Every structure is written in structure tokens, then in C-alpha cells.
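Student: My questions concern the predicted model and sequence given below.
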Amino acid sequence: MRSVHPFNHQWLFYPERLGNEVSDAQFEGVTLPHTNKLLPYHNFDNAEYQFVSTYRKRFVLPEARQGRRVFLDFEGAMMACEVWLNGHKLGEHEGGFLPFSFELTKHLNENHENLLVVYLDSTERKDIPPYGFVVDYLTFGGIYREVSLRFVEPCHITNVFVRPQGVLTDNPLVVVDVQVENQNDRPFKTTAGVRIKDADGSLLASATMPDLTFEPGSSTKFSLSVNNLPPIQRWSLDNPALYFAEVTLAEGQIDQRIERFGFREAEFRDDGFYLNGEHVKLMGLNRHQTYPYIGAAAPARLQRRDADLIQNEMACNIVRTSHYPQSRHFLDRCDEIGLLVFEEIPGWQHIGDSDWQALSLRNLQVMIERDHNHPSIILWGVRINESLDNEAFYTATNALAHQLDPTRQTGGSRYFQGSQFLEDVFTYNDFSDTVVDPIHTPHLITEFGGHMFPTKSWDHEERLLEHAMRHARVQDRQLGMAKVAGAIGWCAFDYNTHQEFGSGDHICYHGVMDIFRLPKYAAYFYASQIAPRRRVVLQAATVWSMGDRSRGGIDPLVIFSNCDFVEIWVGNDRLGCFEPDRASFPNLPHPPFQVTTGMEHLTWGKNLSDLRIIGIIDGKVAAEQSIASDGLPSALLLQVDDQELDADGADMTRVVFKIVDRYGNRLPYTNPVVTFEIDGPADLIGENPFALIGGQAALYLRARHESGMVQLRATTPRLA
Ligand code: GAL
């Protein structure tokens, strides 16, 4: 019988390669996910985390082995490692974005302590994708995803692929491909079964296969087919219904795996994308997996929250996991909330030699075998992002993807229209700013914006507005183009990068949110496209002052909102009631409001009163925003995303702090130093004191292993 134990606690870490003669006392105790170096949020040299480190873990087996084999499963460690158990080298692994395993069985001490050692090389190894050339993102070091210890019988399941079929018919069925490895030295006879359950755990249907024989040393694939299903709910964007497939060998006496899946049909056609036979225009953003301070070592809660930000706060229906497979927690959340995913293999512009390409093919295989049961994933990226054509390599990646997963189409992001079209979907990074006419279909825009218009959240109003409008214009235009399936903007969040790409402080300010996941005006544009029944959005894109724009004034006043009308007051003057600018944005569900009436009188040097905007839906007041005209700071605001954390030494939440006017609006040019004091069993991750920029920023709170109450106090001179 299989059993799996989380293996994330009580690791020891040292930021150099150390032999076993060095005592544990030299090491630091750490919990996974772990970053090999805590950093400032910007202005650091990426050499700081590029080194070989030693992770050590002493452990006794958490249960008796009873003839089973024992494996150590790593979900991701950057970027290459050697693993040793009790002085025996188990092997090496290359690649930082995908899971890998080592078998411990042979060298285990079953009754006393074991010593596990991982030498982790976090340097930019030219022999490992994405490296070999320059790369516009950072690959922070550490065992940055979870590890577990797995006990399995010598004959066990190694992979399960759940493939619903005929989803649009009255009689859908579920085909379940099961891969079984028999590591016994004799043939093994057993039975296999699958039970399909709904989200509440009720049994819907099942199938069995008696009399299976697995030859010694074999890896065998067979399929079970379940066709006596009651009516099912399809996985859709509004109702992402999930089911479970419970696969067993010998009724679970030998092995059991539970996979979550959904019933849905996803297809790119010449005229766009279809989910369950319905045409859906795709609007989305790219996501990097990195965070301020902690690199990529974000726990489940932060991973899941990013999906929520993209789908709910920014109203996207698709995300691209640029440019590598991301955390299972992120993908799980995408499944749960109905956020579609384009997932691609690691790489950036460069294709290496044949060994490098072999690694890349292995990455593709592991990515598909890890993720094929996520209903949210609708497309595999089988090209190295923005690389040149390479017919042999990309014919191979494409064929491998189709062989491993006949249910999904392939794409591969390129930046030139003339590139060889070997995949199913022409996925194109379109930096034209106007949207090119497709020459191949299906056509999906996988990037736009980005480095063409880097924008900091404390840039002046005109630049922030133009940044937002560029996203609005491209999305509006693509929505009106029948041959374009959708557009995924570059990108969701600002990110740390190499000096070849970033602003002077090594950040690419390409996000519609900043590195702390706090909104710029462009994020308000995306937010405003949400259906008002989900959330009413009303956000003026202005600091409401006379002297921020060139020549002064506030003309036009731009408001991002999903209200039918906005009524505008300046002090006691009612300027009128205004409609969204449908003439300039005929295709957006909720075009921006661009108000000029009354604004022409607000010129540089004139007295200004407070702004008040009232949003109206169906004739009723649905939202309101006021902005003070004096620009004076009124308070320091401290907000925490979660009220409760798991006391597991790894869980984290974000702590946002900002300087606001008397109506609660952020004041981007008010930047005092903020000092924090913490009390209780948690640690503050980030800079303390913090020299604000943009009037807002964030730190993280990380739980320790004891439970208790945590109090955080933030202070800044002269403000409550
Ligand atoms: C693209 C690239 C992205 C990012 C972006 C910035 O060419 O694929 O990773 O660098 O440019 O605009």
C-alpha cells in the first residue's frame, strides 16, 4: 500500500558545499519551500544567490517499510543537484522547474537515523535550459518547492492520465490510462479498478480489470474505461466542476492514486477558441513565479493567491505560465476557479546543443506527465519561447507532446510572423502595439506590451494612463478580430531580472501590477472588464492634482469601471453623467470612461476641489469614489491578506502598507520611512525599516512552528 509523507521540516542548510565531517551546528535549520538567499526586493546582484549549497536532513523512517520501496520526490529545486543517502550517491538531476525522484530503498537504515544530503547548484548552468544565452528573468536558488517521502509496493502505479471523452454528448465516458511498474523479480498478478467520484466524494461509476499480469522489471500501460456515468457537470469558466478518479491495484491493497480532473472540451479553431463547443475570447496575462525577497520559494497560499489575483482582481480568463512549468498549487487553483492555462517548457530565445535539447525533451515529457489532468490547461507550449526555427527539434517536441497527450493542442511562442508553423496553434508575441493580421490560424497572441512601455507605479499620471490604454487598445482590437483567439499581455506582475533587461534596479517594470502584486492603472483597466454581478469596479486613473501632467490639468479624466454611467462632481459642481467611451473601444465589455466635459476649465494654477464619482448600474448607485484635492497624507494603512496562517514554518501572507488621503486613496508621491515591530510566533520577511516608493509596498509574514497570536505594528512619523 502506498503512503506519502510531507518531508519539508527540519532540513539543515549551509550556503556552500560541505562534507559530512562538518557538524550540524554550522548549519541553519530551515523549512521547505526554501530560498537559498533572502534578498531585497530590488538592487541586488544575481550573483548573490548563484552558488552551490548543502542541504542536510537526518531522519528515521516515519513508518515500517514492510518490503516496500521508498522514494524521495522533489517538486522543484533550482537548478541542478546531487543527492546522497548515508554516504552513497543516489544520482544527479538537472533542471529547476519540474519534479524528480530518487529511490532510497537500497541504502536506507530501516531502524535508525539516516543522513540525506543534497548538494544544490544554483548557478546559471549553460548546459541547462533556460541558460546558454541571456534570459529576461531570474532563477532564484533553493529547494524552492515541496519534498515528500513515498512508500510504494514493488509493483505500483507510476502515472495516471484521466481522459474524459464525448464530453458534449449525452453519454460521456472517462478513459483512464494507467502506467504500472513491476519492480518484483517475478511476474505479478493483480486486478485494477477505477472509481469516479464527484467533488463531495459520492461514487458515480466504476470499472474494473481482472487478471492483469505484469512481467518482472516492466513498465506497462493499460486503459480502463468508465461509461456508465450519470449526468455530469462540465468544467467551465463559470462553473469549474471537478471530479476525482480513484485508481487502485488489488482494490487498494497494492496501490491507490487519486487524480482530480474535469469534463471539458477545449479546442482552438480557425475562428478562435471553443470551450465545450462555445466560443470564448481569451483575455489574459503572463505570470512569472518569482516574488520579492523570497525568489520563487512561495508557499501554497501565495501561489494560489496569484491565480485569484489574475482571475478575480484582473478579470482574466487565461494565464500563460511564462516561461516554464509553475507550482502545482498555482495550477490547482486555476482548476478550482476556472482560469485557463497555457503552459510551456523552460527556455528563453536560446536553443543549446543536442544534450541541451535532450534535456528540453525530457522537460516536456515530465511537464505533460505531471500536469495532464489539470482541466485548466488547454495548450502545451512546445517551443523555447522566442527562439529561432529549428525544424528537427520542434518536429520532435511537437510529436512527443501529441504522443503523450492526444487530447491537447500545441503552440510555441514566437516573435516573427514568418516562423515555421509546426504546431496546432500559431502562438505569437505581438509587440506591434496595433495587433497584426494573422497569417496562420488558429492565432493566439501570447505577449504584447512589456518592454515597449515599462511603467513604474510611481511614474507620472500620463505614463501610467498610457500604459493602461495600451493594454485597453490591444485587448479591444483583438476582441474585434475574428481570426484572433485572444491576447495574453506581458505581464501580470513586475519581476526581478538581469541587467540586460531591467530598469536600473534590475526590475522589469512590465507588470500591470507591481512586484508586490499591487495595482497600477493598467490593473484597474483589467479589473473593470469583470461582469458587475461578480464585482463592481470604479477607479479613477488620476492623482487629482493640477501639476502632474505636461502643461497641467486633468483632461481627459479617465475612469475604469464596469458601471453603466458615472456621475461626476468637483466640489459642489456636478459636471454631468457620462457613458463609457464606446466609440474608441467598440469591443471591450466595459470601455474606459474618458471625460473631457468640465475638465477644460481645470487648468494649471486654478483652484481644485475634491473629486467625487458615482457609478450607476440599472439606474441605481453601485459604487462611489472620492479623491482629495489637497494631496495630503491622512494615515498609514496596514492590511494583511489573511487573518490566519498554518503554523508549519512555511506558510506566509502578504502585509500591504500604504499612505492614503482622507478617502483612502494611495498617495504615490508620499514616501516616508515605515518601521515595523512584530510580536508573536512569526517572522517578517522583507526590509525593515522600509523606505517607501510609490506610496505603497508589501512585506510577508511567515509562520513559525508554534501557534499563537501575532501582532504587527507599523509606524511612520507624523501619521496615524
Ligand atoms: C518578450 C519575452 C518576455 C519578456 C518580454 C518583455 O520578448 O518573451 O519574456 O522579456 O519580451 O517585453
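Tutor: Looks like it arrived, so ask away. Numbers count the residues shown, from 1 in each chain.
Student: where along the stretch 251-400 of the chain do the helices fall?
Tutor: For the stretch 251-400 of the chain, applying DSSP state H, counting those that start in this stretch gives helices covering 300-308, 328-337, 354-371, 391-404.
Student: now the angle from the second one to helix 300-308?
Tutor: Calculated by axes from the mean of the first three to the mean of the last three C-alpha atoms, to 10 degrees, helix 328-337 forms an angle of 50 degrees with helix 300-308.
Student: hey, C-alpha coordinates of helix 328-337 in CSV?
Tutor: Provided in CSV are the C-alpha atoms of helix 328-337 (Å, rounded to 0.1, in the frame of the first residue of the first chain):
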residue,chain,number,x,y,z
ARG,A,328,1.2,22.7,-8.6
HIS,A,329,-0.6,24.9,-6.1
PHE,A,330,-1.0,27.6,-8.7
LEU,A,331,-2.3,25.2,-11.3
ASP,A,332,-4.7,23.5,-8.7
ARG,A,333,-6.2,26.9,-8.0
CYS,A,334,-6.6,27.6,-11.7
ASP,A,335,-8.6,24.4,-11.9
GLU,A,336,-10.7,25.4,-9.0
ILE,A,337,-11.6,28.9,-10.2
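Student: For it, which outside residues touch it?
Tutor: The contact list for helix 328-337 (C-beta atoms under 8 Å, 6 or more residues apart in numbering) reads 75, 235, 240, 242, 260, 262, 287, 289, 299-300, 303-304, 306-308, 311-312, 319, 321, 339-341, 343, 370-371, 374-377. C-beta: built from backbone N, CA, C; applies to glycine.
Student: So how do I select the buried members of the residues you listed in ChimeraX?
Tutor: Command for ChimeraX that selects the buried part of the contacts of helix 328-337, burial taken from 16 or more other C-beta atoms under 10 Å:
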select :75,235,240,242,260,262,287,289,299,300,303,304,306,307,308,311,319,321,339,340,341,343,370,371,374,375,376,377
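Student: after the helix or strand residue 462 falls within comes which helix or strand?
Tutor: Taking DSSP states H and E as the definition, residue 462 sits inside helix 461-479. Sequence order places strand 484-489 as the next helix or strand after helix 461-479, per DSSP H and E.
Student: Tell me the helix or strand right after that following strand.
Tutor: Counting by DSSP H and E, what follows strand 484-489 is strand 495-496.
Student: That next one - which strands sit beside it in the sheet, and in what orientation?
Tutor: Using DSSP bridges, the strands paired with strand 495-496 are strand 507-508 (antiparallel).
Student: Give me the distance from the strand it pairs with to the chain's centre.
Tutor: Strand 507-508 sits 18 Å away from the centroid of its parent chain (C-alpha atoms, centre = their mean, to the nearest Å).
Student: quick one: is that strand near the ligand?
Tutor: No: using C-beta under 6 Å from any ligand atom, strand 507-508 stays clear of the ligand, with a minimum separation of 6.5 Å.
Student: which residues sit against that strand?
Tutor: 42, 136-137, 450-451, 454, 494-497, 501-502, 515.
Student: one more time with 7 Å, if that's ok
Tutor: For strand 507-508, the surrounding residues in contact (C-beta atoms under 7 Å, 6 or more residues apart in numbering) are 42, 136, 454, 494, 495, 496, 497, 501, 502, 515.
Student: roughly how far is the helix or strand following it from the heart of the chain?
Tutor: Next in sequence after strand 507-508, counting helices and strands by DSSP H and E, comes helix 521-527. Counting by C-alpha atoms, centre = their mean, helix 521-527 is centred 18 Å from the centre of its parent chain.
Student: Would you mark the buried spots in the helix or strand following helix 521-527?
Tutor: Counting by DSSP H and E, the next helix or strand C-terminal to helix 521-527 is strand 538-540. Using 16+ other C-beta under 10 Å as the test for burial, strand 538-540 gives 538, 539, 540.
Student: surely the first one meets residue 561?
Tutor: Yes: at 4.3 Å, residue 538 counts as touching residue 561 under the criterion of C-beta atoms under 7 Å.
Student: Next to the ligand, which bits of this structure? Give me the list.
Tutor: 136, 322, 323, 385, 386, 415, 429, 447, 450, 451, 490, 510.
Student: excluding its backbone neighbours, what's nearest the fourth one?
Tutor: Nearest residue to residue 385 in three dimensions, chain neighbours excluded: residue 323, at 4.4 Å (C-beta to C-beta, 6 or more residues apart in numbering).
Student: can you list the contacts of strand 507-508 in a markdown table and add distance to residue 148, pLDDT and neighbour count?
Tutor: Output for the contacts of strand 507-508, formatted as a markdown table (distance: C-beta to C-beta, whole Å; pLDDT from 0 to 100; neighbours: other C-beta atoms under 10 Å):
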| residue | distance to residue 148 | pLDDT | neighbour count |
| --- | --- | --- | --- |
| 42 | 34 | 97 | 16 |
| 136 | 33 | 98 | 22 |
| 454 | 40 | 98 | 19 |
| 494 | 33 | 98 | 30 |
| 495 | 29 | 98 | 26 |
| 496 | 29 | 98 | 25 |
| 497 | 32 | 98 | 21 |
| 501 | 36 | 96 | 18 |
| 502 | 36 | 93 | 22 |
| 515 | 30 | 98 | 23 |
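Student: Could I get the helices of the stretch 251-400 of the chain in CSV, plus columns for distance to residue 590 and mean pLDDT?
Tutor: Output for those, formatted as CSV (distance: least, C-beta to C-beta, whole Å; pLDDT from 0 to 100):
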stretch, distance to residue 590, mean pLDDT
helix 300-308, 20, 98
helix 328-337, 20, 98
helix 354-371, 33, 98
helix 391-404, 37, 98
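Student: who wins for proximity to residue 651 among those helices?
Tutor: helix 300-308 (5.8 Å; C-beta to C-beta).
Student: Which strands and helices lie in contact with that closest one?
Tutor: When contacts are defined as 3 or more C-beta pairs under 7 Å, 6 or more residues apart in numbering; DSSP states H and E, helix 300-308 sits against helix 328-337, strand 652-660.
Student: by contact count, what packs against the shortest one?
Tutor: Right, strand 652-660. So strand 652-660, by 3+ C-beta pairs under 7 Å, 6+ apart, packs with helix 300-308, strand 635-640, strand 696-703.
Student: Next, the contact list for the nearest residue to residue 38 once chain neighbours are set aside, please.
Tutor: The shortest distance from residue 38 to any non-neighbouring residue, by C-beta to C-beta, 6+ apart, is to residue 293 (5.8 Å). Contacts for residue 293 (C-beta under 7 Å, 6+ apart) come out as 38, 39, 41, 685, 686, 700.
Student: Quick check: the nearest residue to the third one once chain neighbours are set aside vs residue 516, distance?
Tutor: Nearest residue to residue 41 in three dimensions, chain neighbours excluded: residue 292, at 3.5 Å (C-beta to C-beta, 6+ apart). Residue 292 sits 6 Å away from residue 516 when distances are taken as C-beta to C-beta, to the nearest Å.
Student: Tell me which residues of stretch 192-205 come out buried.
Tutor: 192, 193, 194, 195, 196, 197, 204, 205.
Student: just checking, the last one touches residue 231?
Tutor: No: between residue 205 and residue 231 no contact is recorded; they are 11.5 Å apart, counting by C-beta under 7 Å.
Student: for the nearest residue to residue 123 once chain neighbours are set aside, what are its contacts?
Tutor: Leaving aside its sequence neighbours, residue 123 sits nearest to residue 50 (C-beta to C-beta, 6+ apart; 4.4 Å). Residue 50 is in contact with 122, 123, 124, 141, counting by C-beta under 7 Å, 6+ apart.
Student: if we can go back for a sec, how about JSON lines for the helices of the stretch 251-400 of the chain, with distance to residue 594 added?
Tutor: Shown next, in JSON lines, are the helices of the stretch 251-400 of the chain (distance: least, C-beta to C-beta, whole Å):
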{"stretch": "helix 300-308", "distance to residue 594": "30"}
{"stretch": "helix 328-337", "distance to residue 594": "32"}
{"stretch": "helix 354-371", "distance to residue 594": "42"}
{"stretch": "helix 391-404", "distance to residue 594": "44"}
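Student: Might you name the residue of the stretch 151-300 of the chain sitting closest to the ligand?
Tutor: Using C-beta to the nearest ligand atom, the closest approach of the stretch 151-300 of the chain to the ligand is made by residue 286 at 7.4 Å.
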